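Enquirer: Show me how the following folds:
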Amino acid sequence: MAKHWIALFLCLHSSHSLAQAQTFSPNLRIHPNPASFQFEPSIATDPSTSRTVLVAASARNNERSRIGWYYSTDFGQTWIGRDTLPVQTDFGVLMVDPAVDIDLDGNLFISGIHKGIFAARSTDEGLSWSQVTVGTPSRPERPHLTVDRS
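Expert: Here you go, the predicted structure:
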């Protein structure tokens, strides 16, 4: 019985330390924009080169919620991107809860919620995007994304 209590204590103690270790200060914005703020970021690195980073975040400006995308090819020293993913055309409908990934060919993927759960792909480093709606559940919540790396 004592072994179980020790294991429980270690789990509680390590999760408390982990929560403190994940507190970051100062809060840095990848794409500073005084007209909006970003939250709920998702980050992926290119599996073939760690130099390339893709970040997507929910971005809010007044009453408009959308997903912004930010892309770096130099370890995050410089960034391109926007606070609005180009596939969002109806600003009356929220676009939130992003998740990102990069496949072995360097294609960028972003999923989120906008008129259902969607997935968007760019094959040209974010210059253009295509989108497909993959489901329309009644109460979607934070879709996750992964790509085949085999």
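
Enquirer: which regions of the chain sit below the pLDDT cut-off?
Expert: For the chain, applying pLDDT under 70 flags the ranges 1-29, 91-92, 137-138, 140.

Enquirer: What ranges does it have for its strands?
Expert: Along the chain, the segments classed as strands by DSSP state E run 37-45, 53-61, 64-72, 80-82, 96-102, 108-113, 117-122, 130-135.

Enquirer: And for the last one, what's in contact with it?
Expert: For strand 130-135, contacts defined as CB atoms under 8 Å, 6 or more residues apart in numbering pick out 87, 111, 115-122. Where you see a C-beta, it was placed from the backbone N, CA and C, and this is true even at glycine.

Enquirer: D83 and P34 touch, don't they?
Expert: No. With contact defined as CB atoms under 8 Å, D83 and P34 do not form a contacting pair (11.3 Å).

Enquirer: who's more crowded, those two?
Expert: D83 (21 against 5; other CB atoms under 10 Å).

Enquirer: How about the contacts made by the more buried one?
Expert: 31, 33, 36, 38, 59, 61, 66, 68.

Enquirer: In ChimeraX, how would I select just the buried ones from the residues you listed?
Expert: Buried residues among the contacts of D83 (16 or more other CB atoms under 10 Å), as a ChimeraX selection:
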select :31,36,38,59,66,68
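
Enquirer: Nice, that's everything, thank you.
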